[in-house]
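>>> got a structure for you, letters missing:
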């Protein structure tokens, strides 16, 4: 109601200004023309303001739709005629009460006003009807847009969660396979691996698939994972980190680096006869964050290892990034033969919320470990 009142007040002042500016052109000048113009215009506007809620209700009730147009249109015309007569009558009653001079015959004044202003009042009614329908259509459009946006968000969330679940099983199977032989041969190592596995699962389940964490927190996940792999592979795996300090606070999707490390293990370390080296690098580049995971033989004399690279890990990462950063990411897998292979990840550079960091970064990750 407040919006209706202010809207019609503005309309009243607009028509008052028109009447005032038109007054000098009249043959008989009117005294106090500004106040009379303002009073007449505001009276007309406020009567319409009082009628507007009812008109909007009628417009919604009898809006023509498929199968009801033949009944709705005549009812709207009748309602418009009734609203015009009500407005006309109230206007004339007010002016007759303000100026009850004998010379002002109410019937004659009513008929004159009907002749000159009836069509304008009917047009005002249908103008209000059109505005009402426009407001309703806009609200419906906004509601549908919000519903569509919410459905798309839920769909992306569901896809990400499903993809996240698909990323975990290979790692879990490898970890469990590492624990089983250690139970008898090295119980301490088995217990340590179980604790590390529990830490990774707790961290993975704590953050949702769309959550962003600082790179230093993501590197903590990777450190725990590589500790488990080093327990399984013993002295066949060496790991080093080369992380630019300016990249530690960069925002990355939760567990986005895990498939890259899994690819390095599956495509290199696990099938390489000798000792392997995994180097993890990260650095900011303009408005992008670049991460490289390089797997290579630790001993230069080792012969080349012909192997068909399994790119399933990379494909999963690409699918997830396409949902999060459509058209703004790059994931590449390159085979360098005797030099091993390298996985590169590029995403937009942004800072994660301070609350996203749950675990402090280990000292080893800040340089080369």
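Great, that's in hand. Everything quoted here is computed from the prediction, not taken from an experiment.
>>> what number of residues lie near the closest residue to residue 246 other than its chain neighbours?
Using C-beta to C-beta, 6 or more residues apart in numbering and skipping residues adjacent in sequence, the residue nearest residue 246 is residue 284, 5.1 Å away. Backbone N, C-alpha and C define where each C-beta goes, glycine included. Per other C-beta atoms under 10 Å, the neighbour tally for residue 284 reads 16.
>>> who's in contact with residue 284?
When the contact criterion is C-beta atoms under 8 Å, 6 or more residues apart in numbering, the partners of residue 284 are 244, 246, 247, 250, 290, 349.
>>> can you tell me which of these is nearest residue 47?
residue 349 (61.3 Å; C-beta to C-beta).
>>> check contacts around the closest one.
250, 284, 285, 286, 287, 288, 289.
>>> look at the fourth one and report its pLDDT.
We have a pLDDT of 86 for residue 286.
>>> pretty sure residue 144 belongs to a helix, no?
Yes. When classified by DSSP: H, G, I helix; E, B strand; the rest coil, residue 144 is found to be part of a helix.
>>> where's it relative to residue 231, distance?
54 Å (C-beta to C-beta, to the nearest Å).
>>> more crowded one of those two?
Per other C-beta under 10 Å, whichever of residue 144 and residue 231 has more neighbours is residue 231, with 19 against 10.
>>> now for residue 323, how many residues are close by?
There are 17 residues near residue 323, going by other C-beta under 10 Å.
>>> assumed it was part of a helix.
Yes. Assessed by three-state DSSP, residue 323 belongs to a helix.
>>> returning to that earlier point: report the buried members of the contacts of residue 284.
Buried members of the contacts of residue 284, scored by 16 or more other C-beta atoms under 10 Å, are 247, 250, 290, 349.
>>> which element, helix or strand, includes the closest residue to the last one other than its chain neighbours?
Using C-beta to C-beta, 6+ apart and skipping the chain neighbours, the partner closest in space to residue 349 is residue 289 (4.6 Å). Of the helices and strands defined by DSSP states H and E, residue 289 is found in strand 288-297.
>>> what lines up beside that strand in the sheet?
In the sheet, strand 288-297 lines up against strand 276-285 (antiparallel), strand 341-348 (antiparallel) (DSSP bridges).
>>> other residues contacting the shortest one?
Put plainly, it is strand 341-348. 252-253, 256-257, 260, 263-264, 267-268, 285, 287-295, 309, 314, 317, 321, 325, 328-336.
>>> just the buried residues of the residues you listed.
252-253, 256-257, 260, 263-264, 267-268, 289-295, 309, 314, 317, 321, 329, 331, 333.
>>> which SS state does the residue lying closest to residue 311 once chain neighbours are set aside fall under?
Closest residue to residue 311 apart from its sequence neighbours, by C-beta to C-beta, 6+ apart: residue 333 at 5.6 Å. Under the three-state scheme (three-state DSSP), residue 333 adopts strand.
>>> who's in contact with residue 333?
Residues near residue 333 by C-beta under 8 Å, 6+ apart: 263, 309, 311, 314, 341, 342, 343.
>>> mind running it again at 6 Å?
If you count contacts by C-beta atoms under 6 Å, 6 or more residues apart in numbering, residue 333 has them with 311, 314, 343.
>>> what's the separation between it and residue 315?
Per C-beta to C-beta, residue 333 is found 9 Å from residue 315.
>>> buried sites along the helix or strand where residue 195 lies?
According to DSSP H and E, residue 195 maps onto helix 187-206. Neighbour counts using 16+ other C-beta under 10 Å place 189, 190, 192, 193, 194, 196, 197, 199, 200, 203, 204 of helix 187-206 among the buried residues.
>>> nearest residue to the second one in space, please, no chain neighbours.
It refers to residue 190. In space, residue 190 is closest to residue 182, 3.8 Å off (C-beta to C-beta, 6+ apart).
>>> now do the same for the one you found: helix, strand or coil?
helix.
>>> quick revisit: and the contacts of residue 349, which is closest to residue 219?
Relative to residue 219, and with distances defined as C-beta to C-beta, the nearest of the contacts of residue 349 is residue 250, at 10.9 Å.
>>> now that closest one: how far from residue 323?
19 Å.
>>> quick revisit: make TSV out of the contacts of residue 284 and add distance to residue 172 and secondary structure.
Putting the contacts of residue 284 into TSV (distance: C-beta to C-beta, whole Å; DSSP: H, G, I helix; E, B strand; the rest coil) gives the following:
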residue	distance to residue 172	secondary structure
244	31	coil
246	34	helix
247	29	helix
250	28	strand
290	29	strand
349	31	coil
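>>> pLDDT for those residues - can I get that in CSV?
Formatted as CSV, these follow (pLDDT from 0 to 100):
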residue, pLDDT
244, 93
246, 91
247, 92
250, 91
290, 94
349, 88
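>>> and which of those residues is nearest residue 16?
Nearest to residue 16, judged by C-beta to C-beta, of these is residue 349 at 58.4 Å.
>>> for the closest one, give its distance to residue 8.
53 Å.
>>> repeat for residue 200
On the measure of C-beta to C-beta, residue 200 and residue 8 end up 65 Å apart.
>>> and what of residue 291?
62 Å.
>>> likewise for residue 62?
Distance from residue 62 to residue 8, by C-beta to C-beta: 23 Å.
>>> domain ranges for the chain?
According to automatic domain parsing, the chain comprises the domains 2-148, 186-366.
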